[in-house]
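> Pasting the sequence and the predicted coordinates here, then a few questions.
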Amino acid sequence: MSSETLDQVQSNMRVSRKRLLGRPILAEGEDGLFTQSWFPLCLSSEVATGKVLGADFLGGRVVVFRATNGVAQVLSAYCPHLGADLAVGDVYEDTVRCAFHHWQYDQDGVCVKTGIGDPPPPSACLFKFPTAEKHGIIWAFNGEAPHFEVPDFPYPADELVVKVETFRQLVNVDPWVICCNTPDIQHIKALHGITFDQQDPDEEIEWTDHSMLYDFKGRHANGEPIEYRVGIFGTSIFYQSSTFNGRWFGFIAPLGLPRPGQCKTYMVIAARKSDSDAASTEAFLKFAMDLEKRVVSEDVPILQTIHFKPGTLTKSDKALGKFLQYLRNFPRAHPSAEFIS
Ligand code: FES
Ligand SMILES: [Fe+2]
């Protein structure tokens, strides 16, 4: 036996080649179900009063419709008559009207009139999603009734200036995979170069059955002092209330779920009106948005290509390990299945 082969044999004896894997977490749609969270569908500015907009959601199709009372409502998109996509229709008499035979649906998704005059069958109704409009975004909850609310910033909305953007490019993972970054303390330090002034916050994390939040103080990659409260709501909303170099800003990154294995990113930045004049606030919002985009741009190449499979974890992965358990226990359902596809 040559000495090189002997080295290899010894090395193989030292290292276990058995792949350690944690209990798997179901992918979105894997068992025909999806996690019960709030998902962003479109920007408020995309649906004016009297307009209807189509969107892909949970591997199916929905419409967002805004009637003259100004309230936006998310409904399943396929007309119960023959299945036309209501996004091709219009808003008429404060209802969504199907382009094909002019059946009309009210804000509750109930057919109130047919074009030809036949009485609307009682079964002619759409799925009505719990809908929220907040931070310049229209959201839908995957369920019959919401289990929690879309989070607010810690200051009243009228004291804030908010900037919201969405990105055309989809990221090729489920939203919850991206959410795993928040309890992934190792990546915050290694990838983003953020340093902590304290121990890892493992024991101080505030957990509920639909959220996790923790505080930390430290320095950003460029050395600026930061004080962040960060967390996840549901399986699709990153939340941050932060002080950067002494000034507060809020950041929420909701993740849409057009279809299994893909997510659409939104970014909301908020600053307090009272902290400076309008022009300086505008400049600060841009600064904060660029700061967060830089951080996200460090994550994207990894998330676009990852085969997310938690395996060997270490001490610094304590919060991540607990979050994986939170995901395994997260409620799943798909009550709109028969309507949206
Ligand atoms: S398909 Fe919609 S009214 Fe006939
Ligand atoms: Fe990250």
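Received it, and whenever you're ready, just let me know what you need. Nothing here was measured: the structure is a model prediction, and the numbers come from that model. Ligands and ions are numbered 1, 2, ... in the order given.
> from what I can see residue 137 touches residue 264, true?
No - Residue 137 lies out of contact with residue 264 (C-beta atoms under 8 Å); the separation is 11.0 Å. Heads up, the C-betas are built off the backbone N, CA and C, glycines and all.
> residue contacts, residue 125?
80, 105, 108, 109, 110, 111 (C-beta atoms under 8 Å, 6 or more residues apart in numbering).
> from the residues you listed, which ones fall inside strands?
Members of the contacts of residue 125 lying in strands (criterion: DSSP state E): 105, 111.
> And the contacts of residue 125, which two are furthest apart?
Greatest spacing in the contacts of residue 125, by C-beta to C-beta: 80 and 108 (13.7 Å).
> Mind checking which of these two has more residues around it?
residue 80 (18 against 11; other C-beta atoms under 10 Å).
> tell me the contacts of the more buried one?
Per C-beta under 8 Å, 6+ apart, neighbours of residue 80: 111, 123, 124, 125, 126.
> Same question for residue 50.
Counting by C-beta under 8 Å, 6+ apart, residue 50 has contacts 66, 67, 68, 91.
> Could you confirm whether stretch 121-130 reaches ligand 1?
No - Stretch 121-130 does not reach ligand 1 (C-beta under 6 Å from any ligand atom); its nearest approach is 8.9 Å.
> Enumerate the positions of that stretch that are buried.
124, 125, 126, 127, 128, 129, 130 (16 or more other C-beta atoms under 10 Å).
> ok, these vs residue 205, which is closest?
Distances from residue 205 to those, taken by C-beta to C-beta, are shortest for residue 130, at 27.4 Å.
> Next one, pLDDT for the closest residue to that closest one other than its chain neighbours please.
With C-beta to C-beta, 6 or more residues apart in numbering as the criterion, residue 130 has its nearest non-adjacent residue at 4.0 Å, and that residue is residue 141. On the pLDDT scale, residue 141 is placed at 98.
> and residue 141, how many neighbours?
By other C-beta under 10 Å, 21 other residues sit near residue 141.
> That one reaches residue 127, doesn't it?
No - using C-beta under 8 Å, residue 141 is not in contact with residue 127, being 11.8 Å away.
> ok, back up a step: what do residue 137 and residue 264 both touch?
residue 40.
> Quick check: residue 199 vs residue 266, distance?
The gap separating residue 199 from residue 266 is 33 Å, by C-beta to C-beta, to the nearest Å.
> which of these two has more neighbours?
Taking neighbours as other C-beta under 10 Å, residue 199 and residue 266 compare with residue 266 leading, 23 against 9.
> Can the helix or strand where residue 303 lies be said to contact ligand 2?
Following DSSP states H and E, one finds residue 303 within helix 278-305. Yes - for helix 278-305 and ligand 2, the contact criterion (C-beta under 5 Å from the ion) is met by residue 299.
> tell me what that helix is packed against?
strand 160-166, helix 175-179, strand 247-259, strand 262-272 (3 or more C-beta pairs under 8 Å, 6 or more residues apart in numbering; DSSP states H and E).
> Hey, what's the angle from that helix to strand 262-272? Just curious.
Put simply, helix 278-305 runs at 160 degrees to strand 262-272, going by axes from the mean of the first three to the mean of the last three C-alpha atoms, to 10 degrees.
> Now do helix 278-305 and strand 160-166, the angle between them.
Going by the same axes, to 10 degrees, helix 278-305 is angled at 30 degrees with respect to strand 160-166.
> Centre of the chain to stretch 25-34, how far?
Its chain's average C-alpha position is 16 Å from that of stretch 25-34, according to C-alpha atoms, centre = their mean, to the nearest Å.
> tell me the mean pLDDT over it?
The average of the pLDDT scores along stretch 25-34 is 97.
> Quick one: residues in contact with it.
With contact meaning C-beta under 8 Å, 6+ apart, stretch 25-34 is reached by 35, 58-59, 142, 174-176, 257, 259-261, 310, 324, 327-328, 332-334, 337.
> could you redo the last one with a cut-off of 10 Å?
Residues outside stretch 25-34 that contact it (C-beta atoms under 10 Å, 6 or more residues apart in numbering) are 24, 35, 57-59, 142-143, 173-177, 180, 235-236, 257, 259-263, 308-310, 324-328, 330-337.
> can you tell me which of those residues are in strands?
35, 57, 257, 259, 262, 263, 332, 333.
> And the pLDDT at the closest residue in space to residue 340 that isn't next to it in sequence?
Distance criterion C-beta to C-beta, 6+ apart; nearest residue to residue 340, sequence neighbours excluded, is residue 60 at 2.9 Å. On the pLDDT scale, residue 60 is placed at 98.
> Show me what the helix or strand hosting residue 189 is packed against.
According to DSSP H and E, residue 189 maps onto helix 185-190. The contact analysis (3 or more C-beta pairs under 10 Å, 6 or more residues apart in numbering; DSSP states H and E) places helix 185-190 against strand 195-196, strand 211-219, helix 278-305, helix 318-328.
> Listing partners with orientation, what would you give for the first one?
To tie it back to what came earlier, the one meant is strand 195-196. Applying DSSP bridges to the sheet, strand 195-196 is found paired with strand 211-219 (antiparallel).
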